[in-house]
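> Mind looking at a prediction? Sequence and model below.
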Amino acid sequence: MMQMIRSNNKIKVHFGMRDYYSFYKKKYKKNLSSKLYNKIITDANREILELILNEGLEYKLPYLSSTLTIRKDKRIPRIVDGKVINTSPVDWVTTKTLWESDAQAKEKKILVKYLNNHTSGYVFRIFMKKFGSSFNNRSVYKFEPSRKFKRGLSDRIKDDNKDKFDTYLLY
């Protein structure tokens, strides 16, 4: 039986919910408990996530002058200088199963890629548009969506009861 182990790679942050609550208390001098504050922030974030996933909303981050949206692009394998270049995502469950059954495949590090037949070969992603941003060194900033956000997108794509996404990478 294959055991899945999650990595320890945690995104390091400089500020957290406690810091935001402290800032709120200092700035607005409101008598609001931290539990209620956390619930309000969590509910607001959950609603934004739902609107982005289900309604196709493009959410503008006001102070960063950036936009969160969902985009899709076609990943087609191609040959460059005699080598096959395939940028499709790796299907790690199938790859690890292959590696367990075939030692030579593991030695050669053969990867099994997703075909995405259910989306006609398109790969969806949560995209942060930074083109209109005014802050310095914006090319080194990276947006990493939470696991819940990524799993929500995956579930939304696989849900046949909802309309298919009609979004393209236009930039």
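Perfect, thanks for sending it. Numbers count the residues shown, from 1 in each chain.
> From here on, just use CA atoms for contacts and neighbour counts.
OK.
> Correct me if wrong, but residue 104 is in a strand.
No: judged by DSSP: H, G, I helix; E, B strand; the rest coil, residue 104 forms no part of a strand; its state is helix.
> what's the spacing between it and residue 93?
18 Å (C-alpha to C-alpha, to the nearest Å).
> Pass me the low-pLDDT residue ranges in this protein, would you?
Scanning the chain for pLDDT under 70 picks out 1-13, 165-171.
> Which parts of it are helices?
In the chain, the segments counted as helices under DSSP state H are 17-28, 34-55, 92-101, 103-108, 147-158.
> now these in CSV, with distance to residue 86?
As requested, the helices of the chain are exported to CSV (distance: least, C-alpha to C-alpha, whole Å):
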stretch, distance to residue 86
helix 17-28, 40
helix 34-55, 27
helix 92-101, 15
helix 103-108, 16
helix 147-158, 21
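> nearest to residue 117, of these?
helix 147-158 (11.3 Å; C-alpha to C-alpha).
> Residue 75 is in contact with residue 89, isn't it?
No: using C-alpha atoms under 8 Å as the test, residue 75 is too far from residue 89 to be in contact (9.1 Å).
> count of neighbours near residue 29?
Counted with other C-alpha atoms under 10 Å, the neighbours of residue 29 add up to 9.
> mind starting the numbering at 56 from now?
Sure, I'll start numbering at 56, so the last one becomes residue 84.
> What's the separation between it and residue 185?
Distance from residue 84 to residue 185, by C-alpha to C-alpha: 34 Å.
> so how many other residues sit close to residue 136?
By other C-alpha under 10 Å, 6 other residues sit near residue 136.
> before we move on, what about residue 141?
13.
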